[in-house]
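1. The following comprises the amino acid sequence and a computationally predicted model.
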Amino acid sequence: CRSMREQVPALYPAKVDLVSDQDALRAGLAEADALIVETLTVGETELAAAPNLAIVQKFGTILSNIDLAACAKREIPVAIQRRRVNIAVAEHGFALVIAFAKRLCETAGLVEARALREAGFDPTPYDRRYTTNSNFARIAGLKTLNGSVLGALGAGEIGRELARRASAFGMNVI
């Protein structure tokens, strides 16, 4: 911390004001160098009240509460901060998609033909001379995600995070 403070002495010590409404935000902008918002609005009025403002940071990825054109006009960059909890929820949701497609709960630990038969599956391995043995036991009902469709109800922050993961697997997102 000491090294960083020495590199940017004008930023330390920093004064941080936490506000809960739009009026309090506007009242504190006269001396602000940076602004971090979640749901409060940043537009022409707020920017006019902030002559020293150098950056607007959005907590979250949806920028609908920030007037990007007004910020660009003042040459004030707008940055986003993806919410780690939304990423975690999307990862968990996508893990469930994979588990369902690959029947992981039903086949967990069953990697031998004998164990699959004992669990009620009817494994009939491919002729190993001609295949790479993906789905080696030909378990019925396993799905390939590539080319499949993921329907997302809503495109909020979690829906967008989930769509990124689905797209990386070659899924069509609607």
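-> Looks like it came in fine.

2. Which elements pack onto the lengthiest helix in the chain?
-> The longest helix of the chain (DSSP state H) is helix 84-101. For helix 84-101, the packing partners by 3 or more CB pairs under 8 Å, 6 or more residues apart in numbering; DSSP states H and E come out as helix 157-168. Using the backbone N, CA and C atoms, a C-beta is placed for each residue, glycine as well.

3. any idea where the strands of the chain begin and end?
-> Residue ranges of the strands in the chain, as given by DSSP state E, are 34-37, 55-59, 78-81, 149-150, 172-173.

4. Can you tell me, leaving aside adjacent residues, what's nearest to Asp21?
-> Closest residue to Asp21 apart from its sequence neighbours, by CB to CB, 6 or more residues apart in numbering: Leu40 at 7.6 Å.

5. Is that neighbour in contact with Asn65, as I believe?
-> Yes - counting by CB atoms under 8 Å, Leu40 does reach Asn65; the two are 6.9 Å apart.

6. Look up phi and psi at Gly43.
-> phi -140, psi -160 (degrees, to the nearest 10).

7. State the number of residues packed around the nearest residue to it once chain neighbours are set aside.
-> Nearest-residue entry for Gly43: Asp67, 4.1 Å, with adjacent residues in sequence omitted and distances by CB to CB, 6+ apart. Using other CB atoms under 10 Å, Asp67 has 19 other residues around it.

8. do the same with the one 5 residues further on
-> For Ala72, the count of nearby residues is 11 (other CB under 10 Å).
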